[in-house]
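1. Build the 3D model from these lines:
(chains A and B)
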Amino acid sequence: MEILLRNFCLFSSASVHPRSLRLQRFAFSTTQCSWLPDRMRYDNQTFYDNVQIGYKRGHSNIRNRDRDIKKLQTRALQKLTRVRIVDNGPTALQPVIRSARIIEIYTKTKRHVGGVGDLCLITKNGAMKRAFIVGQRQSMGILKARMDSNNVIILDKDGNPEGTRITVPIPAWLRGYDPKKKHPISMSKLVAIASSFV
Amino acid sequence: MNMSLLRVIRRLQSSFVAPQRPTLISTDAEKPNVEGREDANLFSLEYIPPQVQPEWHRNKLKYRLERMDCLRRRQAIDIPEFYPGSILAVTVADNYAPGKSMRFAGRCLYKDGFGLGCKFVLRNVIDNEGVEKMYHLFAPYIQKVELLRLEKWIDTDLRFLRDAADQSICEIDPNMQAESPLPKTEELPVYKGKIRLREIAMWEFLYHKQWPRPYNAYLEEHFIEEELIEREKIHWQTQSHLKYDICKHYDVTKIKAEIMDEMKDNRHRVDVADKKITADA
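-> This next block holds a predicted model:
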């Protein structure tokens, strides 16, 4: 069915967007990291020996490298993203009716998008708590670790963490990170709780 | 009969020559490196310039200078040869770390880029959490690059390991002992195993639609043969003409020979240039 519709699309300029077909088929929507080496820049060398196919952009120059890293979209958590609570506080250990989600992201400008090192508001089972983002699925660039899940630590009003231990590895660049936010965050306590840095 | 035998024996006895003493000189230096694994100072995969279009955007002087810089870095640090799929450990200078350096071990997922912009990504599973880190191969803050295990896989893009059912492929002990790799005079065996993936709903990429399809991923578990054949048909209808586009063909054998010739003289050029810089300063 999907293939017939796709063939129909090829010969007519109208109607169905192929991405929507994909979403109907699968339960979860798949992420598409567009900045990673894609087929335009990258080739699988089983194709031909000694022949690299595909137009590769002149991307990795000395001049262009820093510009591309700065243009990377490193923040990816927004409202209603599902989030994994990673410490051993009472909110983390409570059973879950609906998975914990982000409601607000506190940034200076109205960016609506947050990453590692940002504060956010979280709901779990109807209760709202403040949380500090500690790991992210979107890659943040060079030397910054990329986790397989969006991790979060819950803080109380004074910025102290609720739990006593963090089992999951934490990015090491948070050790020298000074979050200049309106709400207080005690980085020294977070760093003291963490078990391992990456 | 006996007399002829005796004559033969006497002749052999007179013509007996003691065997030569075995020479203790090893002949390894005479064996050349295998074609795919040359000395890093002569050739490496990151020395091949990208196929920039249009042609007048390609600047051979720029590529040559970048290769000279790579050689300068290789003289300062020993960067081993590795391929996506092999296990590495990297120590990096870090201000806030105890001992001022951080070590991370992992399996290389891909290596992409030209010259000093060559990046590679290591993946490790720590405390049931998959972690990936990207490094620049020729960065000055890298103190050590250790090869723990040398493997070569058919695929050069191993991002499907994030969706592997068995995550112990990327679970690497940071205190793992380095295994001595095969010498460069022998050909590396390529790993052709197929890795099982978890259920399709949790996939990050759609590997059956990606072309070329990853060889090392076991897709037949999730798809019938007819589905895969239909995907091939769609690719044939839409994109197969690209491989016949001569403008996009990039013949690497000629470029490789040119690069090898150039890199032989590059050490001398680098010395001359460095002398000039120190003399002027």
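2. Any idea what the nearest residue to A:Met147 once chain neighbours are set aside is bridged to?
-> Excluding its sequence neighbours, the residue lying closest to A:Met147 (CB to CB, 6 or more residues apart in numbering or on different chains) is A:Gly135, at 3.7 Å. For glycine as for every other residue, the C-beta is placed from the backbone atoms N, C-alpha and C. Following DSSP bridges, A:Gly135 is listed with bridge partners A:Asn151.
3. give the contact list for A:Gly135.
-> The contact partners of A:Gly135, taken as CB atoms under 8 Å, 6 or more residues apart in numbering or on different chains, are A:Val86, A:Val116, A:Ala145, A:Met147, A:Ser149, A:Asn150, A:Asn151, A:Val168, A:Ile170, A:Pro171, B:Glu129.
4. quick check, nearest of the residues you listed to B:Gly113?
-> Set against B:Gly113, the nearest of the contacts of A:Gly135 by CB to CB is A:Ala145 (19.7 Å).
5. Just give me the neighbour total for the residue in the stretch 101-250 of chain B that chain A sits nearest to.
-> At 3.0 Å from chain A, B:Gly117 is the closest residue in the stretch 101-250 of chain B, using CB to the nearest CB. Neighbours of B:Gly117 under the rule other CB atoms under 10 Å in any protein chain shown: 20.
6. So it sits against B:His136, correct?
-> Yes: at 7.1 Å, B:Gly117 and B:His136 qualify as touching, with contact defined as CB atoms under 8 Å.
7. Let me know whether stretch B:201-213 sits next to chain A.
-> Yes: counting by CB under 8 Å from any CB of the partner chain, chain A is contacted by stretch B:201-213 at B:Ala201, B:Met202, B:Trp203, B:Glu204, B:Phe205, B:Leu206, B:Gln210, B:Trp211, B:Pro212.
8. just the residues you listed: which has the poorest pLDDT?
-> Minimum pLDDT for those is recorded at B:Trp211 (66).
9. For the spatially most central residue of chain B, give me its contacts.
-> Centroid-nearest residue in chain B, with CA atoms, centre = their mean: B:Tyr83, separated by 2.9 Å. Neighbour list for B:Tyr83: B:Cys108, B:Lys111, B:Leu150, B:Glu151, B:Lys152, B:Trp153, B:Thr156, B:Leu188 [criterion: CB under 8 Å, 6+ apart].
10. Select the helix or strand of the chain having the lowest average pLDDT value.
-> Using chain A. Ranked by mean pLDDT, DSSP states H and E, the weakest helix or strand in chain A is helix A:18-25, scoring a mean of 38.
11. switch to chain B, that's the one I care about
-> helix B:2-14 (a mean of 79).
12. ok, residues contacting it?
-> Residues contacting helix B:2-14 (CB under 8 Å, 6+ apart): none.
13. Tell me the first helix or strand C-terminal of it.
-> Downstream of helix B:2-14, the next assigned helix or strand under DSSP states H and E is helix B:60-76.
14. helices and strands around that next one, which ones?
-> helix B:252-280 (3 or more CB pairs under 8 Å, 6 or more residues apart in numbering or on different chains; DSSP states H and E).
15. Which elements pack onto the helix it packs on?
-> Checking 3+ CB pairs under 8 Å, 6+ apart, helix B:252-280 ends up next to helix B:60-76.
16. What residues of the helix it packs on count as buried?
-> B:Tyr63, B:Glu66, B:Arg67, B:Met68, B:Cys70, B:Leu71 (16 or more other CB atoms under 10 Å in any protein chain shown).
17. chain center to it, what's the gap?
-> How far helix B:60-76 lies from its chain's middle: 19 Å, per CA atoms, centre = their mean, to the nearest Å.
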